[in-house]
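Enquirer: using only what follows, build the 3D model:
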Amino acid sequence: MPFTPRRPWEPLSDAEWDALRPHLRPEDRPGRPLADPRARFDAILHMAVTDQPWRLLPARWGKGDTVGRHFRRLTHNGLWLRLLEALADADCPAALRAIEYWLCRAARRAMRLLQMAGLVLARRLQLWTALPMLPWMMPDPDLSEWVFRRIQQEIRDIPRRWPPPGFLRAAGKVLAVVGGRRVWSKRFAPP
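Expert: The predicted structure follows:
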C-alpha cells in the first residue's frame, strides 16, 4: 500500500498554478474578490503540509482565521474532492501530479468537513495519504456493507439453521474493525 511520496513545501510554480486554476470555481459571494488567490492557495498548502494550526500562519499571508475560513469555503465547494478525482484520472497533468502530496494533505485536513464522502473517495481512489489515519484504522464502507449483508443472511436463516458457535460474537468484532476507530488521532496519520 504505497503512500504518496513526501515533498517539502515551496511556493507554487507557474505550471502548477496553471494546472490548479481550472479546478477553482469562481466565488459568487458578496464582498471584495481576493487580491492574490495564488498567495492564498500557497498559504493553504503550506499549512496543510506543515500541519500547524491556522493561528500560526506566517504574517506575509495574512490572518490565519481568514485563510482558514477560505479553506473551509473551498472544502464546502467540493474543491478537494474534485482535485482527488483529478489526481486519479489517467490524463492528470504532470504539474498537478507533482503536487499530489500537498493536495492529499490538504484533503486530509478537510476530512472532518468532508466526512464519509471524502473517506470513501480517498479509499476508492487509493490516495492513502489523503486519509486522516492509517487506512486499516479508518471505516471501510464497502467491506462493512458486505459483512453486514453476510450477517443479515445468517440471522435470517436462524429459524431453519443455527449459525456456528461463536459466529455472532465474531461478526460483531469484524463489524467493529471495518467500522474504524471512533476517534481520529494524528498519531496514526499516514506520512
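
Enquirer: tell me the secondary structure of the residue of the chain positioned farthest from its centre, please.
Expert: Relative to the centre of the chain, the most outlying C-alpha is that of R160, 44.7 Å out, by Cα atoms, centre = their mean. Look at R160: counting by DSSP: H, G, I helix; E, B strand; the rest coil, its state is coil.

Enquirer: next, give phi and psi for it.
Expert: Backbone torsions for R160, taken as degrees, to the nearest 10, come to phi -90, psi -40.

Enquirer: tell me the confidence at it?
Expert: Confidence at R160, expressed as pLDDT, is 85.

Enquirer: and what of A130?
Expert: With respect to pLDDT, A130 has a value of 95.

Enquirer: quick check, it in contact with A122.
Expert: Yes: the pair A130 / A122 is scored as a contact, 4.1 Å apart, by Cβ atoms under 8 Å. Heads up, the C-betas are built off the backbone N, CA and C, glycines and all.

Enquirer: which residues do the two both contact?
Expert: L84, C104, A107, M111 (Cβ atoms under 8 Å, 6 or more residues apart in numbering).

Enquirer: related to what we said a few turns ago, neighbour-wise, which of A130 and A122 wins?
Expert: With neighbours defined as other Cβ atoms under 10 Å, A130 and A122 compare such that A130 has more, 31 against 26.
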